[in-house]
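>>> This is a predicted model, with the sequence first.
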Amino acid sequence: MKSKQELEDGYHWWITCIPDKIDRLEELLPKELYSTMDYTISSLDILEKFLLERFTIQDMINESELRDCLACYLGVVYEKNISQARWYVELENEKDAFYGVPILRVPNKLTFEPHSYITTLLDRKKGNLLSTIIERHKKYLDEN
């Protein structure tokens, strides 16, 4: 098991590499798809449709680089659309479900873990799971 310091260092490195990982998507995805990735919530429906057409959950688990790069993009879309959200890593409570994992959160209100949603969308097969979640979070914050 990694030490708390290794997890913290890994988290900071991962956050620093987000722009590079999103740039890497240009090489990993078809050009016509990448050109639609404008950080809007609606871009997630296009991305989700593509992923549903091309990947199974097992395929995505095996494609760890692609999954990580997609999680970066999803996280940035979330961050741009949920202005109160900030990247965070839980390093105090080892029993926390997100211990050592980069998440976005609005303290005392919402938590969003982009890595898990990449495989969840393949399980649910909705075509708009990602956009629906972000829209629900926006609505919740507007009402509270």
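Arrived safely, thanks for sending.
>>> Which elements pack onto the lengthiest helix in the chain?
The single longest helix within the chain, with elements called by DSSP state H, is helix 64-81. Helix 64-81 is packed against helix 18-28, helix 41-54, helix 57-62, strand 86-88, strand 103-106, helix 114-124, helix 129-143, with contacts defined by 3 or more C-beta pairs under 8 Å, 6 or more residues apart in numbering; DSSP states H and E. Glycine gets a C-beta too; all of them are placed from N, C-alpha and C.
>>> ranking the ones you listed by burial, who's on top?
Counting by mean count of other C-beta atoms under 10 Å, strand 103-106 has the highest mean neighbour count of these, with a mean of 20.
>>> which residues touch the longest helix of the chain?
The contact list for helix 64-81, computed with C-beta atoms under 8 Å, 6 or more residues apart in numbering, reads 17-18, 21-22, 24-25, 28, 37, 39-41, 43-44, 47, 51, 60-61, 85-87, 102, 104, 112, 114-115, 117-119, 130, 134, 137-138.
>>> Could you do stretch 91-108 as well?
2, 4, 7-8, 10-11, 14-15, 75, 78-79, 82, 84-90, 111-115, 137, 141.
>>> Can I get that stretch in CSV, CA atoms only?
This file holds the C-alpha atoms of stretch 91-108, laid out as CSV (Å, rounded to 0.1, in the frame of the first residue of the first chain):
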residue,chain,number,x,y,z
LEU,A,91,-5.8,11.3,2.6
GLU,A,92,-7.0,11.3,6.2
ASN,A,93,-9.8,8.6,6.3
GLU,A,94,-8.5,5.4,4.8
LYS,A,95,-12.1,4.0,5.0
ASP,A,96,-13.4,6.7,2.7
ALA,A,97,-14.6,5.3,-0.6
PHE,A,98,-12.5,7.9,-2.5
TYR,A,99,-9.3,7.5,-0.3
GLY,A,100,-6.3,8.5,-2.5
VAL,A,101,-8.4,9.1,-5.6
PRO,A,102,-8.7,12.5,-7.3
ILE,A,103,-12.2,13.8,-7.1
LEU,A,104,-14.1,17.0,-7.5
ARG,A,105,-16.2,18.2,-4.7
VAL,A,106,-18.3,21.0,-3.4
PRO,A,107,-17.6,20.8,0.3
ASN,A,108,-20.6,19.5,2.3
